[in-house]
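Participant: Pasting the sequence and the predicted coordinates here, then a few questions.
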Amino acid sequence: MIRTALRAGLLAAASIAVLAAPASAQSGQGQSSQADQARVMQILKRTPLVDGHNDLPWALRQGFGNDPYGVDLNANLSTSTRLHTDIPRLRAGGVGGQFWSVYVPASMAPVDAAKATFEQIDTVKRIVAAHPETFELATTADDLVRIHRGGKIASLIGMEGGYSIDDSLGLLREFYDSGARYMTLTHSKSTTWADSGTDAPKWNGLNAFGEEVVKEMNRLGMMVDLSHVSEDTMVDAIRVSEAPVIFSHSSARAVTAHPRNVPDAVLRQMAANGGIVMVTFVPGFISEPVRAWGAARAAETTRLTALNPGDPTAVKAGVDAWVAANPAPKATIEDVIAHIQHVRDVAGIDHVGLGGDYDGVDSLPVGLEGVDGYPRLLAELMRRGWSEADIRKISGENLLRVMRAVERVAASKSAERPSLAKLPNDGAPE
């Protein structure tokens with residue numbers, strides 16, 4: 001009875017926060033109404049909104065000494081910090097399940113990355129322990145549903161970057177036992193067994209050990225995350241995986257031509273595999289003008305670096321002057337919707353979700369500046385004709401279906417022994 005009353009109070013407070021938001025912030029484009037957003041919040045009482053990727057743990061490491069008490073997550077931090085995430089905005093956003101990314105940089109040596117990833121898993125658990133009235137750790141689909149029904153936010157762990165396993169399936173198993181329920185096979189750089197979408201290819205996809213990594217993830221029940229990987233790696237992983245794959249924070253390449261996005265051919269293969277693309281909000285991935293501006297800025301940085309060797313101050317001054325003369329365009333909710341709609345059109349309504357990448361980027365689309373933005377986005381989809389059933393699917397039902405399918409595959413392999421596969425000693429080609 002007390003838990004039910006508490007849950008009702010929290011949900012009511014979240015609904016009031018949405019209704020009280022400024023009109024311009026509510027709609028992003030000034031179109032969806034307060035009534036639309038209130039209707040979304042009613043849907044999210046029954047269906048958990050599950051976001052595929054949030055980098056708050058890394059933001060705490062970088063800015064607050066890796067201490068969940070280093071900043072008051074019970075306060076709205078939108079004006080006092082650069083954080084996109086806090087408890088009031090999570091509640092106002094109707095978030096019912098959150099995959100917290102335990103990202104560490106691809107520039108780290110693998111053994112250091114493994115250590116730092118375990119530290120980041122510890123950070124997630126300390127965030128949960130610091131706010132037990134709000135968060136509870138989840139490792140299964142049933143956990144997620146139960147925690148949401150109890151009025152809390154289910155907290156799940158997602159690894160970002162296969163270099164963290166240091167070419168060891170034993171380490172992969174330890175990460176799983178520590179709570180990690182997906183692993184992004186690469187980040188910005190190719191690994192010794194998988195090609196990244198933003199690095200020179202080494203393997204034209206997965207090599208033999210990379211295929212063994214995917215198979216062992218299937219055996220464990222860890223979701224194979226294909227955000228950041230090359231198209232060839234996407235194709236190989238979908239071919240090898242017996243369980244549905246995910247893209248925890250990616251968008252559609254046909255809409256924005258960034259290599260981090262998913263080509264239409266892969267969208268179709270992903271749908272046949274039963275997987276999901278959780279559309280991200282990163283401006284450079286969702287807006288072609290923003291992507292082109294970023295490419296031009298990078299080219300100017302390269303030019304200035306060549307002209308000013310050993311003089312980073314001059315390079316920075318030149319880049320700042322270029323940015324002042326060429327202001328960055330802004331992405332909007334409309335851009336995000338274009339990607340959501342494209343994934344739906346190509347792959348189907350059962351294969352699209354949400355993966356904001358909050359606290360992993362410097363800027364966000366107008367109207368989606370924080371984790372409280374989900375009702376605005378979903379209300380705009382409803383205004384465009386999406387049904388309540390559609391909203392339930394994109395919010396959480398599709399991801400829950402994938403999780404359960406991954407769990408079933410693992411259960412079917414429970415009698416199999418752990419893999420002892422190793423990477424050949426010759427490693428990556430020169």
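Facilitator: The structure has been received and is ready for your questions. Numbering: from 1, shown residues only.

Participant: pretty sure Ile157 contacts Gly97?
Facilitator: No: taking C-beta atoms under 8 Å as the contact criterion, Ile157 and Gly97 are not neighbours in contact, 11.9 Å apart. Quick note: C-beta positions are derived from backbone N, CA and C, even for glycine.

Participant: where does the stretch 1-150 of the chain dip in pLDDT?
Facilitator: Low-confidence segments of the stretch 1-150 of the chain, defined by pLDDT under 70, are located at 1-32.

Participant: Run through the helices of it in chain order.
Facilitator: For the stretch 1-150 of the chain, applying DSSP state H, counting those that start in this stretch gives helices covering 2-20, 23-27, 34-46, 56-63, 87-92, 110-130, 141-149.

Participant: Return the most buried member of those helices.
Facilitator: Between these, helix 87-92 has the highest mean count of neighbours, a mean of 23, where neighbours are mean count of other C-beta atoms under 10 Å.

Participant: Show me what it packs onto, helices and strands only.
Facilitator: When contacts are defined as 3 or more C-beta pairs under 8 Å, 6 or more residues apart in numbering; DSSP states H and E, helix 87-92 packs onto helix 2-20.

Participant: now the strands: where do they sit in this protein?
Facilitator: Counting by DSSP state E, one finds strands in the chain at the ranges 49-54, 95-103, 135-137, 153-160, 180-184, 223-225, 246-250, 276-279, 352-354.

Participant: Relative to Thr332, which of those strands is closest?
Facilitator: strand 276-279 (14.1 Å; C-beta to C-beta).

Participant: Residues contacting the closest one, please?
Facilitator: Contact with strand 276-279 is made by 51-53, 244, 246-252, 262, 267, 270, 286, 336, 339-340, 343, 347, 351-355, 398-399, 402, as judged by C-beta atoms under 8 Å, 6 or more residues apart in numbering.

Participant: how about 7 Å then?
Facilitator: Residues lying outside strand 276-279 but in contact with it, judged by C-beta atoms under 7 Å, 6 or more residues apart in numbering, are 52, 246-251, 262, 267, 270, 336, 339-340, 343, 347, 351-355, 398-399, 402.

Participant: got it, and stretch 191-199?
Facilitator: Judged by C-beta under 7 Å, 6+ apart, the contacts made with stretch 191-199 from elsewhere in the structure are 162-163, 167, 185-190, 201-207, 209-210, 213, 228-230, 232-233, 259-260, 423, 427-428.

Participant: Just the ones of those residues in helices?
Facilitator: Cross-referencing the contacts of stretch 191-199 against helices under DSSP state H gives 209-210, 213, 232-233.

Participant: From the centroid of this protein, which residue is nearest?
Facilitator: With distances taken as C-alpha atoms, centre = their mean, the chain has His53 as the residue nearest its mean C-alpha position (2.3 Å).

Participant: residues touching that one, list them.
Facilitator: Residues counted as contacts of His53 (C-beta under 7 Å, 6+ apart) are 99, 101, 158, 248-249, 355-357.

Participant: Go again with 10 Å.
Facilitator: The neighbours of His53, taking C-beta atoms under 10 Å, 6 or more residues apart in numbering as the test, are 98-101, 103, 158, 160, 182, 184, 225, 227, 247-250, 278, 280-282, 354-360.

Participant: Also Gly52?
Facilitator: For Gly52, the contacting residues are 97-99, 101, 156, 158, 182, 223, 225, 227, 246-250, 276-280, 353-357, 399, taking C-beta under 10 Å, 6+ apart as the criterion.

Participant: Looking at the helices of the stretch 1-150 of the chain, spot the one closest to Val371.
Facilitator: Comparison of those against Val371 by C-beta to C-beta identifies helix 87-92 as nearest, at 4.8 Å.

Participant: Can you give the distance from that closest one to the centre of its chain?
Facilitator: With C-alpha atoms, centre = their mean, to the nearest Å as the basis, the distance from the averaged C-alpha position of helix 87-92 to the chain average is 18 Å.

Participant: Ok, stretch 150-159 next?
Facilitator: Here the centre of mass of C-alpha atoms in stretch 150-159, compared against the chain's by C-alpha atoms, centre = their mean, lies 13 Å away.

Participant: if we can go back for a sec, anything in contact with each of Ile157 and Gly97?
Facilitator: Counting by C-beta under 10 Å, 6+ apart, the contacts common to Ile157 and Gly97 are Ala138.

Participant: From Phe209, how far off is Thr192?
Facilitator: 8 Å (C-beta to C-beta, to the nearest Å).

Participant: Identify the contacts common to the two.
Facilitator: Shared contacts of Thr192 and Phe209, defined by C-beta under 10 Å, 6+ apart, are found at 167, 203, 423-424.

Participant: Just the closest of the residues you listed to Ala331, please.
Facilitator: Distance to Ala331, by C-beta to C-beta, is smallest for Trp203 among the shared contacts of Thr192 and Phe209, at 32.8 Å.

Participant: Just give the number of residues close to the closest one.
Facilitator: The local packing count at Trp203 equals 21, with neighbours defined by other C-beta atoms under 10 Å.

Participant: quick one on the thing from earlier: what's the ChimeraX syntax to select whichever of the shared contacts of Thr192 and Phe209 are buried?
Facilitator: For anyone working in ChimeraX, the buried entries among these, judged by 16 or more other C-beta atoms under 10 Å, can be selected with:
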select :167,203,423
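
Participant: Pipe the shared contacts of Thr192 and Phe209 into JSON lines and attach pLDDT per row.
Facilitator: Putting the shared contacts of Thr192 and Phe209 into JSON lines (pLDDT from 0 to 100) gives the following:
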{"residue": "Asp167", "pLDDT": "98"}
{"residue": "Trp203", "pLDDT": "98"}
{"residue": "Leu423", "pLDDT": "92"}
{"residue": "Pro424", "pLDDT": "84"}
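
Participant: List just the nearest of the shared contacts of Thr192 and Phe209 to Thr81.
Facilitator: Thr81 lies nearest to Asp167 out of the shared contacts of Thr192 and Phe209, by C-beta to C-beta, at 37.4 Å.

Participant: Do you know the pLDDT at Leu378?
Facilitator: In the prediction, the pLDDT value recorded for Leu378 is 98.

Participant: show me what contacts the closest residue to it other than its chain neighbours?
Facilitator: Taking C-beta to C-beta, 6 or more residues apart in numbering, and ignoring the residues beside it in sequence, Leu378 has Val40 as its nearest neighbour in space, at 4.5 Å. Listed by C-beta under 10 Å, 6+ apart, the contact partners of Val40 are 15, 18, 32, 49, 94, 374-382, 388, 391, 395.
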